[in-house]
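**Q** Predicted coordinates and the sequence they were generated for:
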Amino acid sequence: MTQEASVGSGDQWFDNHCHLGSDADEALARARSGGVVGFVNVGTDLENSRAAISVARSNPDVWATAGVHPHEASHGIRGIADLLDDEAVVAVGETGLDHHYDHSPRRAQADVFAAHVAMANEREMPIVIHTREAWDETFSLLDAEGVPERTVFHCFTGGPQEAMACIERGAMLSFSGIVTFATADDVRAAAAQCPVDHVMVETDSPYLAPVPHRGRPNEPAHIALVGAAVAEVMGLEPGEVAMATSANARRFYGLGVDSGAL
């Protein structure tokens, strides 16, 4: 696993899924100084989605999503639909099913997930999906409700079989720092067989810091480590993956292609 990669190599990366906190200005400055050219700041409940929008409004290279994470599903989705009209919001979510923790009842998770899928389809917006230990249920719900045209499985944790099931539904896979973990052979196998036009990269910061930063808070400045690991298993150069995943992110979120950034 390539552990020496870092921002500053000249490659330009797009972190398509991060959670910027109170230190957003400092974290963004560190990432930009190393060539990170875009960020999607992801909402997980109503208050957090509003905060994500606020950061995006203040930074032209940051966009936001609005949604309710499955952990928060028991609180419902009131107010989320209104946020989707904000010009800084580029996707619905994150939403989905988490049967590992079950912080919200499974029925509530499914109902909230289905409501998000409906909003994405009605508005023709991308949807950001979180699924953990719930692949069959996730696919069943999507097939029943209608898979949004632009769907991404963020922080992909499945193997080759799950990856192919996602791709068959036209979805993107977003790989996080998990791809650098010693125990993540299935995730690396999935990345190895994934067409490059279906791949994006993320930090999911402040979570899941990649090796060699594992166990410490993550930040968007570490995205190149994720990208280098994906490049290694795909048999590509990091620069190729940087260019492809950045273009994929801009296309997926409807941001156009910034020729100065790519």
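**A** That came through, no problem.

**Q** Please count neighbours and contacts with C-alpha atoms only from this point.
**A** Fine.

**Q** Hmm, P70 is touching G96, no?
**A** Yes: with contact defined as CA atoms under 8 Å, P70 reaches G96; the gap is 5.6 Å.

**Q** Find residues that contact each of these two.
**A** Common neighbours of P70 and G96 (criterion: CA atoms under 8 Å, 6 or more residues apart in numbering): Q109, V112, F113, H130.

**Q** what's the neighbour count on the first one?
**A** Same thing as Q109. 26 (other CA atoms under 10 Å).

**Q** Could you check how far it is from H130?
**A** 11 Å (CA to CA, to the nearest Å).

**Q** tally of neighbours for the spatially closest residue to Y253 that is not a sequence neighbour?
**A** In space, and not counting its chain neighbours, Y253 is closest to V90: 5.7 Å by CA to CA, 6 or more residues apart in numbering. Look at V90: counted by other CA under 10 Å, it has 23 neighbours.

**Q** Next, V90: secondary structure please.
**A** Three-state call for V90 (DSSP: H, G, I helix; E, B strand; the rest coil): strand.

**Q** OK, contacts around it?
**A** With contact set as CA under 8 Å, 6+ apart, V90 has these partners: W63, A64, T65, L84, M125, P126, Y253, G254.

**Q** Ok, G38 next?
**A** W13, F14, D15, N16, D61, V62.

**Q** What's the mean pLDDT across the strand or helix carrying it?
**A** Assessed by DSSP states H and E, G38 sits inside strand 36-41. In this model, strand 36-41 carries a mean pLDDT of 98.

**Q** Tell me the first helix or strand C-terminal of it.
**A** Next along from strand 36-41, by DSSP H and E: helix 46-57.

**Q** just for the stretch 51-200 of the chain, where's the confidence low?
**A** For the stretch 51-200 of the chain, not a single residue meets the criterion pLDDT under 70.

**Q** Can you show me the strands along it?
**A** Listed in chain order, the strands of the stretch 51-200 of the chain (DSSP state E, counting those that start in this stretch) span 62-66, 89-98, 127-132, 151-153, 172-175, 199-201.

**Q** Need those in CSV (columns: distance to A247).
**A** Converted to CSV, those look like this (distance: least, CA to CA, whole Å):
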stretch, distance to A247
strand 62-66, 15
strand 89-98, 15
strand 127-132, 17
strand 151-153, 15
strand 172-175, 13
strand 199-201, 9
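
**Q** So which of the ones you listed is nearest L236?
**A** strand 199-201 (12.9 Å; CA to CA).

**Q** Export the helix or strand following the closest one to PDB, keeping only CA atoms.
**A** For strand 199-201, the following helix or strand on the C-terminal side (DSSP H and E) is helix 223-234. Extracted in PDB, the C-alpha atoms of helix 223-234 (Å, rounded to 0.1, in the frame of the first residue of the first chain):
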ATOM      1  CA  ILE A 223      -7.500  12.600   0.100                       C
ATOM      2  CA  ALA A 224      -4.400  11.900  -2.000                       C
ATOM      3  CA  LEU A 225      -3.600   8.900   0.300                       C
ATOM      4  CA  VAL A 226      -7.000   7.400  -0.500                       C
ATOM      5  CA  GLY A 227      -6.600   8.100  -4.200                       C
ATOM      6  CA  ALA A 228      -3.100   6.600  -4.300                       C
ATOM      7  CA  ALA A 229      -4.400   3.400  -2.800                       C
ATOM      8  CA  VAL A 230      -7.200   3.200  -5.300                       C
ATOM      9  CA  ALA A 231      -4.800   3.900  -8.100                       C
ATOM     10  CA  GLU A 232      -2.500   1.100  -6.900                       C
ATOM     11  CA  VAL A 233      -5.100  -1.600  -6.900                       C
ATOM     12  CA  MET A 234      -6.500  -0.300 -10.300                       C
END
